[in-house]
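>>> Here is my input, please return the structure:
(chains A, B, C and D)
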2 protein chains.
Amino acid sequence: MTANPNEKRQRADGLRTRHAILVEAVSLASVVGLDGISIGELAKALGISKSGLYAHFGTKENLQLAVIDQAGLMFATDVIEPAEKLDPGLARLVGICEAFFDYLERRVLPGGCFFAGAVLEMGSRPGPVKERVAAFQNMFVGIIRELADQAIASGQLPANEESELLAFELTGMILAADANFVMTDDVRSLDVARRALRRRLGIAH
Amino acid sequence: MTANPNEKRQRADGLRTRHAILVEAVSLASVVGLDGISIGELAKALGISKSGLYAHFGTKENLQLAVIDQAGLMFATDVIEPAEKLDPGLARLVGICEAFFDYLERRVLPGGCFFAGAVLEMGSRPGPVKERVAAFQNMFVGIIRELADQAIASGQLPANEESELLAFELTGMILAADANFVMTDDVRSLDVARRALRRRLGIAH
DNA sequence: CCTACCGATCGGTAGG
DNA sequence: CCTACCGATCGGTAGG
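Residues are numbered from 1 along each chain as shown, chains lettered A, B, ... in the order given. Okay, the predicted model is just below:
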């Protein structure tokens, strides 16, 4: 009755526009921050009107939540999924960290890692936006820690390693790599990160 | 001729006001970011008029530069100087990192470490503000690396340690400690940081 | 998705 | 340090 090809096209177009908005917004937010995005600036960058954005997201907060989800999707695609070809345990653990360094090197986003910035930006601002960022962060650190557990259990890492401490150190390397790369724009800072990683995990270089 | 007690009082008052402005601004910036500070909001928090702020700093950028300097002063006082009582080398290296974790635990600033946020916020925004942040970052990492070199040279750390990699790892721990503490507001996250630090440097716990 | 509009706030200035 | 003001932009809404 109500379903017709025309309506489907409209919906598909709407989704495509929505996706284009979010990709641009993630890119913008990586530079100016999640709160630094303005609807007017984003609309201008996309060549549409402000009210077009409101038609899609209603409020700025809803836009921010959608931006976090989109950034999470991109992060998963670019750094988590590539490592899933590797064996669980040490190989995949190293793979994720190296995929992150490669991700920075490819300059996917102009402001480096979206989440590194978002965690420090939103950490002291309670609310749904912070919670959404925290959920992603917990998910990521959880993966790292689980892989560390597997590496320890299988003897790929020393039995006296503690996965909680190792996960802390590795997320630290990821944050430091992002901070250094974004500050210097120099890929050699990523080589430091790669060498520190392999040395810490006792891998030949 | 022109110098009189009245003028001196005025200048001293001016400096006191300036200092009060900067302390409040550092605190505010630790939450909303260096660019997130607005002159109006800051003036309201201080109970003075916007033009009072302009009388002191002229432009927002000048205010930001002064805020960075003030934050640097506070950081030096709270985390670098306390460690200078300790012997150069390993003891002071550990001391600085632990002083940083204590600094977070005392909640000196409501948004955690000012510089951790500022580095990620300004990293991809070229200009004098970024350069001022970078200068402080380079100074701090330089101290860490120098202490690591001394610890290696004196045999307190293994001869096959590389100070560049170790400095990278320690700044990573500092960033991760800040991110976790700010996100969870849980002091136990700092215990993880302390344990990871001492384990990494081979210190008994 | 659009134009046209709202009150509030932005950084900054004039003049004291 | 103040009041009073500037043009620009903010997030958001009305009505289509």
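
>>> Helix or strand with the lowest mean pLDDT in chain A?
helix A:5-32 (a mean of 82; mean pLDDT, DSSP states H and E).

>>> Buried residues of it, list them for me.
Of the residues in helix A:5-32, A:17-18, A:21-32 count as buried by neighbour count, 16 or more other CB atoms under 10 Å in any protein chain shown. (Each C-beta comes from the backbone N, C-alpha and C, glycine too.)

>>> mind checking how far the closest residue to A:Arg92 other than its chain neighbours is from DNA strand C?
Nearest residue to A:Arg92 in three dimensions, chain neighbours excluded: A:Leu86, at 4.4 Å (CB to CB, 6 or more residues apart in numbering or on different chains). Distance, A:Leu86 to DNA strand C, by CB to the nearest atom of the strand, to the nearest Å: 39 Å.

>>> picking up where we left off before, nearest to A:Glu41, of the buried residues of helix A:5-32?
For the buried residues of helix A:5-32, the closest approach to A:Glu41 (CB to CB) belongs to A:Leu28, at 7.3 Å.

>>> Can you name the residues that contact the closest one?
Counting by CB atoms under 8 Å, 6 or more residues apart in numbering or on different chains, A:Leu28 makes contact with A:Ile37, A:Glu41, A:Leu42, A:Ala45.

>>> Mind telling me which residue of chain A is nearest DNA strand D?
A:Gly40 (2.6 Å; CB to the nearest atom of the strand).

>>> And the helices in chain A?
Ranges of helices in chain A, per DSSP state H, are A:5-32, A:39-46, A:50-57, A:60-75, A:90-105, A:114-122, A:128-153, A:163-184, A:188-200.

>>> send the alpha carbons of stretch A:45-63 over as CSV?
Output of stretch A:45-63 as CSV, limited to C-alpha atoms (Å, rounded to 0.1, in the frame of the first residue of the first chain):
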residue,chain,number,x,y,z
ALA,A,45,31.1,22.0,4.7
LEU,A,46,28.4,19.7,3.2
GLY,A,47,26.7,22.4,1.1
ILE,A,48,23.3,21.9,2.8
SER,A,49,21.2,24.0,5.1
LYS,A,50,21.3,23.9,8.9
SER,A,51,17.7,22.7,9.0
GLY,A,52,18.6,19.8,6.8
LEU,A,53,20.8,18.6,9.6
TYR,A,54,18.1,19.1,12.2
ALA,A,55,15.8,17.1,10.0
HIS,A,56,18.2,14.2,10.3
PHE,A,57,19.3,14.5,14.0
GLY,A,58,16.9,16.8,15.8
THR,A,59,19.5,18.1,18.3
LYS,A,60,23.2,18.6,18.5
GLU,A,61,23.5,15.9,21.2
ASN,A,62,21.8,13.4,18.9
LEU,A,63,24.2,14.3,16.2
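
>>> May I see the buried residues of that stretch?
A:Leu46, A:Ile48, A:Leu53, A:His56, A:Phe57, A:Lys60, A:Leu63.

>>> Please produce a markdown table containing the residues you listed, extended by pLDDT and distance to chain B.
Shown next, in a markdown table, are the buried residues of stretch A:45-63 (pLDDT from 0 to 100; distance: CB to the nearest CB, whole Å):
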| residue | pLDDT | distance to chain B |
| --- | --- | --- |
| A:Leu46 | 94 | 20 |
| A:Ile48 | 94 | 25 |
| A:Leu53 | 94 | 21 |
| A:His56 | 95 | 25 |
| A:Phe57 | 95 | 21 |
| A:Lys60 | 96 | 14 |
| A:Leu63 | 97 | 18 |
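
>>> about what we covered before: lowest average confidence across the helices of chain A, which one?
Ranked by mean pLDDT, these end with helix A:5-32 at the bottom, a mean of 82.

>>> and that one, anywhere near DNA strand C?
Yes: residues of helix A:5-32 contacting DNA strand C under CB under 7 Å from any atom of the strand: A:Asp13, A:Gly14, A:Thr17.

>>> can you tell me which of those lies nearest to B:Arg125?
After measuring these against B:Arg125 - CB to CB - the closest member comes out as A:Thr17, at 28.3 Å.

>>> DNA strand C contacts on chain A?
Going by CB under 7 Å from any atom of the strand, the residues of chain A near DNA strand C are A:Asp13, A:Gly14, A:Thr17, A:Ile48, A:Ser49, A:Lys50, A:Ser51, A:Gly52, A:Tyr54, A:Ala55.

>>> got a list of what the fifth one touches?
Contacts for A:Ser49 were tallied using CB under 8 Å, 6+ apart; they are A:Ala43.

>>> For it, what are phi and psi?
For A:Ser49, the backbone dihedrals (degrees, to the nearest 10) come out as phi -90, psi 160.

>>> And the pLDDT for it?
Reported pLDDT for A:Ser49: 92.

>>> Report the buried residues of stretch A:118-137.
A:118-125, A:129-130, A:132-134, A:136-137.

>>> which residue is nearest the middle of chain A?
Per CA atoms, centre = their mean, the C-alpha nearest to the average position across chain A is that of A:Phe75, at 3.9 Å.

>>> Quick check: closest non-adjacent residue to it.
In space, A:Phe75 comes closest to A:Phe115 once its chain neighbours are excluded; the distance is 6.5 Å by CB to CB, 6+ apart.

>>> okay but that neighbour is in contact with A:Met74, surely?
No: taking contacts as CB atoms under 8 Å, A:Phe115 lies outside contact range of A:Met74: 10.2 Å.

>>> Settle it for me: which of these two has more neighbours?
A:Phe115 (21 against 18; other CB atoms under 10 Å in any protein chain shown).

>>> distance of that one from DNA strand C?
Distance of A:Phe115 to DNA strand C, given as CB to the nearest atom of the strand: 26 Å.
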